[in-house]
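Undergrad: Provide a 3D model corresponding to the input given below.
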Amino acid sequence: MKKQINIIYFIYILVFLFGLLPVASIYLQPRIEMASIDKQLEAGNEPTAKDQIKSLLQQNISDKKKWEIIQKYMIDGDLAHRFDVYIGPSITTWPNPDNPNVFTAEEAIPYLEEYIEDGPVDGYMQSAAKQLAIYYQQQGNSEKADQILVKASVRAISSAEGFYVTDLFMKRVKIALETNNFSKAESIIEELKEQAKQKNTTNADLQTIIPLLEIEKLLHEGKFIQAHEKLNQDVVMLKKQWNEENEKYREMAEQAGQQPPEDLQFENGVFASELLSIKHQLEQAIKLRNTNLASIEGRITKSNGMPMSGVGVFLRNEASVNMSVGRDERHQTLTDENGFYQITGVIPGKYQIHLGLTQAQVDGWAWAMPKDQWIDITGDRRITYNMKFNPLIEIHEPVNYKEIRSKEVRFKWEKVSDADYYDLNLCLEFDNGSTCSSIETNIKQNEFTIPFEELYDKKTGIMFSGDGSQIETVEPGSLLGFTNSNGEFSWYVRAYDKDDSVITQSNGYTLNKRLLDKAPIFYLKERELTKADQLLLDRKIPEAFELYKQTVKENPNDTHSQRMVTRLSEFVKDIEGK
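TA: The predicted structure is shown next:
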């Protein structure tokens, strides 16, 4: 009897476990698959990761998990978040190194359309709509782009998501302006005005957004004076409204016996700051007696003549060139299938172009930057500015983690035609980044040899990581520089023409140097670490400093200890001065 009961229990357990299988396939298996996908992406195996994502979406998974997969691997939204790398003369950034672009714009279309049609009404739906709209605009189908945005707006309106509605309408206006459809832009702005009149409007920024769009319309139409006059009137009106609202909230708080809220400044609002930035640019142009609005256009191609389509182009003024590309960039567009771009309504001033690219677009290529990277927009109504990408320089030695134990280091790379000279740069590699220094400039040959002692004397940038004081967060290896025999180093060269413009370089724009066929990484093993060096690497900086000084006192000919006393003295002086 007991045996029979055990068999019955066993059958119940089996039934229960089999009943869990569908649940596991719907809820647990996708988590395991996504972890595997992320590992493939970290290893640079993007084709494998793409196949896994497509396979996972075809399986019997929950809607929630399906939307999560599309969110994570396909939705980029604004151009400021679309690309793997953003390149400019003054800054290069990798905004999302852990999630590279896996799918092409065309491959993502059906999934984005499904999200807009049936997915949750959230910021991802908004981003998916903008992403699709930008794609169709690039393809020359601005009507289709507008339809996508309208469809998403209707869903947002039905869900009472006012902010998403306003943002989608703003994108509709910008596309209309960029395609010179001013009547359509005017019509959409009027729709926004009607929304602003409704009592249930939840987006308080509308009163600033509408004047901003009206100013943009005037600028795209080339109406400089009218834009300036209207802008001055709008700013006065908006500041008055802002102060009245602040006063009203203060009175309400006092009547309720509450602490009045702090006065928020009008200038601190996102859209208000955009308005004021345009106002400042217009006033600067008036001072220069230059009130002609300009357009800038050109083509981006590779040296073999192949056009680079789908490249993000950002025209940035002096105030923003040292900051990362943001979603509120005033001048942004995509190149078309011929690599052509055009930006209109440009206020006179000094600008730089920054580019957004996927790894697939830029792998193996480098932007040939001119010496003068500023575009001075003055009296010309129409400016042509073409850009070219050249193949990367192939490096020969040292590569692939070579350990160097001789008394000198020899760097060698392929010769670049039309190169007048090269410069050599070395980097200290750390877990949280790297710091690079110019080692030699005006090198006439495609190789350069430097003795270790000369290299040891080269100063490097000092790195910090984490929270705390500078002495607590300094990366000690950056203080040792090239004398750190436990350190990891990398290198790259740039080739210049006779006009001092960059032709190409060896390092490209891949963040993870380890994924390259020839990793430009090496180790300097000529010297052994001293006891003071080890104390420094253990972050015992005061103790290391004292030991270096004691060593110099005992042996004045110890050049390494002398060097480190000087470096640490300068470091301590700098941080105490701050």
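
Undergrad: tell me the domain boundaries of this protein?
TA: Domain assignment for the chain by automatic domain parsing gives 294-391, 395-464+479-528, 529-578.

Undergrad: and those domains as TSV, adding mean pLDDT and mean neighbour count?
TA: Glycine gets a C-beta too; all of them are placed from N, C-alpha and C. Shown next, in TSV, are these (pLDDT from 0 to 100; neighbours: other CB atoms under 10 Å):
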stretch	mean pLDDT	mean neighbour count
domain 294-391	90	18
domain 395-464+479-528	90	17
domain 529-578	90	16
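
Undergrad: what's the closest of those to residue 253?
TA: If you check each of these against residue 253 by CB to CB, domain 294-391 wins as the nearest, at 31.1 Å.

Undergrad: and the end-to-end length of that closest one?
TA: This stretch, domain 294-391, spans 33 Å end to end (CA to CA, to the nearest Å).

Undergrad: make residue 1 into 14 and carry on from there
TA: In the new count, where the first residue is 14, that last one comes out as domain 307-404.

Undergrad: what about it, distance to the chain center?
TA: Centre-to-centre, domain 307-404 and its host chain are 15 Å apart (CA atoms, centre = their mean, to the nearest Å).

Undergrad: mind listing what residue 332 touches?
TA: By CB atoms under 8 Å, 6 or more residues apart in numbering, residue 332 lies in contact with residue 290.

Undergrad: mind redoing it with 10 Å?
TA: Under the criterion of CB atoms under 10 Å, 6 or more residues apart in numbering, the contact partners of residue 332 comprise 290, 293, 294, 362.

Undergrad: for PyMOL, write the selection for the buried entries among those.
TA: Of the contacts of residue 332, the buried ones can be selected in PyMOL as follows, counting by 16 or more other CB atoms under 10 Å:
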select buried, resi 290+294+362
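
Undergrad: out of the contacts of residue 332, which sit inside helices?
TA: 290, 293, 294 (DSSP state H).

Undergrad: do you have the helices of the stretch 314-463 of the chain handy? List them.
TA: For the stretch 314-463 of the chain, the helices defined by DSSP state H, counting those that start in this stretch occupy 372-375.

Undergrad: the stretch 114-263 of the chain too?
TA: 118-131, 136-151, 155-171, 175-191, 195-210, 219-233, 237-268.

Undergrad: what's opposite residue 330 in the beta bridge?
TA: Note on residue 330: beta-bridge partners by DSSP bridges are residue 364.

Undergrad: distance of it from residue 359?
TA: 10 Å (CB to CB, to the nearest Å).

Undergrad: what's the overlap in contacts for the two?
TA: 294, 343, 344, 390.

Undergrad: and those residues, which two are furthest apart?
TA: Top of the distance list for those (CB to CB): 343 and 390, 13.4 Å.

Undergrad: which neighbours do the two share?
TA: In contact with both residue 343 and residue 390: 328, 330, 359, 360, using CB under 10 Å, 6+ apart.

Undergrad: just the closest of those residues to residue 401, please.
TA: With CB to CB as the yardstick, the closest approach to residue 401 among those comes from residue 328, at 18.0 Å.

Undergrad: ok, now which ones touch the closest residue to the closest one other than its chain neighbours?
TA: Closest residue to residue 328 apart from its sequence neighbours, by CB to CB, 6 or more residues apart in numbering: residue 344 at 3.7 Å. Contact partners of residue 344, counting by CB under 10 Å, 6+ apart, are 191, 309, 326-330, 356-360, 364, 366.

Undergrad: which one among those residues gets closest to residue 580?
TA: Checking these one by one against residue 580 (CB to CB), the nearest turns out to be residue 329, at 36.5 Å.

Undergrad: that closest one against residue 101, yeah?
TA: Yes. Counting by CB atoms under 10 Å, residue 329 touches residue 101, with 7.4 Å between them.

Undergrad: what touches both of the two?
TA: 335, 336, 338, 365, 366, 367.

Undergrad: out of those residues, who's nearest residue 55?
TA: residue 338 (24.4 Å).

Undergrad: who's residue 487 bridged to?
TA: Residues in beta-bridge contact with residue 487 (DSSP bridges): residue 477.

Undergrad: what's the next secondary structure element after whichever strand or helix holds residue 563?
TA: Using DSSP states H and E, residue 563 sits in helix 554-567. Next along the chain after helix 554-567, taking DSSP H and E as the criterion, comes helix 572-590.
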